[in-house]
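**Q** structure for this input, please:
(2 chains)
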Amino acid sequence: MAKSMLIISRQGPWGGPAAREALDIALAGGAFDLELGMLFLDDGVLQLAIDQQPMHLEQKNLSANLQALPMFGVDQLFVSRSSLTRRGLGEQALALAVEVLDDDELSALLERFDHVVTL
Amino acid sequence: MKFAIAVFSPAHAPSSRRALRFAEAVLEGGHDITRLFFYQDGVHSASANIVAPQDEIDVAAQWRAFIQDHRLDAVVCIAAALRRGVLNQEEAQRYQRPAANLPAPWELSGLGQLHEAAQLADRLICFGGD
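**A** Next up, the predicted model:
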């Protein structure tokens, strides 16, 4: 039976390639039709902020790549409520349709997947 | 038990050394390593151009020897490697760069190799951060 994988993305979008590289693991696995989930945690939730203007940092926009996740079959998308709250981000206006989870739901989420990769 | 091991840290980070010691212990314990996969800054752990100070351990050289001695499947993510200047001869020629720093036993390949290893192994163990 195919093994499932949860990718935990913990880095902000513009501090280096980490956010894009976490996303690339998900997109690559989606292309193989694997069961994948993605959790945005800690500074990773900043990837979901809307109306970012990375052109001022001379960087490419990550949002379009994030939007590709459901198209690649990665539709189990989660975000930590406490990570959002600590960074002043609301749950209503996010760049991607994600399920908002409380801290006690996170451990249950990790239990659900065979593999967990944290970047 | 079959282990897939992913390394996200460069050779100078303690986690790269810990990954190597873990991999050694896996084999010593009679288990198998399905594949080693080097991603993000972990691609630097594969660079042949690292010169460690004489009074420090050379983790990159130890990785290379370990992989050669046990004939392990060691894959470096090609996209992460190109971005960080870790190139084999073929890629150095393709992009007209003056030097290559990724000789055998390392192989350059894509993220599909990480997913394949995760499917084949019983456990996927990742080493990142410090």
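**Q** count the neighbours of the residue in chain A that chain B sits nearest to for me.
**A** Closest contact between chain A and chain B, by C-beta to the nearest C-beta, is at residue A:28 (3.7 Å). Any C-beta I mention is one placed from the backbone N, CA and C, and that applies to glycine too. Under the neighbour criterion other C-beta atoms under 10 Å in any protein chain shown, residue A:28 is assigned a count of 20.
**Q** in the chain, which spans are helices?
**A** No chain was given, so I picked chain A. A:18-31, A:63-71, A:81-86, A:103-112 (DSSP state H).
**Q** you looked at the wrong chain, it should be chain B
**A** Going by DSSP H, chain B shows helices at B:14-28, B:59-70, B:78-83, B:89-94, B:112-120.
**Q** same list (those) but as a markdown table, adding mean pLDDT.
**A** Output for those, formatted as a markdown table (pLDDT from 0 to 100):
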| stretch | mean pLDDT |
| --- | --- |
| helix B:14-28 | 97 |
| helix B:59-70 | 97 |
| helix B:78-83 | 97 |
| helix B:89-94 | 97 |
| helix B:112-120 | 97 |
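**Q** wait, which of those helices is closest to residue A:59?
**A** Evaluated over the helices of chain B, closeness to residue A:59 peaks at helix B:78-83, with 13.5 Å, by C-beta to C-beta.
**Q** could you measure residue B:88 against residue B:33, distance?
**A** 22 Å (C-beta to C-beta, to the nearest Å).
**Q** sorry, back to before: make JSON lines from the helices of chain B and add mean neighbour count to it.
**A** Compiled in JSON lines, the helices of chain B are given as follows (neighbours: other C-beta atoms under 10 Å in any protein chain shown):
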{"stretch": "helix B:14-28", "mean neighbour count": "17"}
{"stretch": "helix B:59-70", "mean neighbour count": "18"}
{"stretch": "helix B:78-83", "mean neighbour count": "19"}
{"stretch": "helix B:89-94", "mean neighbour count": "13"}
{"stretch": "helix B:112-120", "mean neighbour count": "20"}
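**Q** need those helices in a markdown table (columns: distance to residue A:106).
**A** Formatted as a markdown table, the helices of chain B follow (distance: least, C-beta to C-beta, whole Å):
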| stretch | distance to residue A:106 |
| --- | --- |
| helix B:14-28 | 23 |
| helix B:59-70 | 33 |
| helix B:78-83 | 27 |
| helix B:89-94 | 40 |
| helix B:112-120 | 21 |
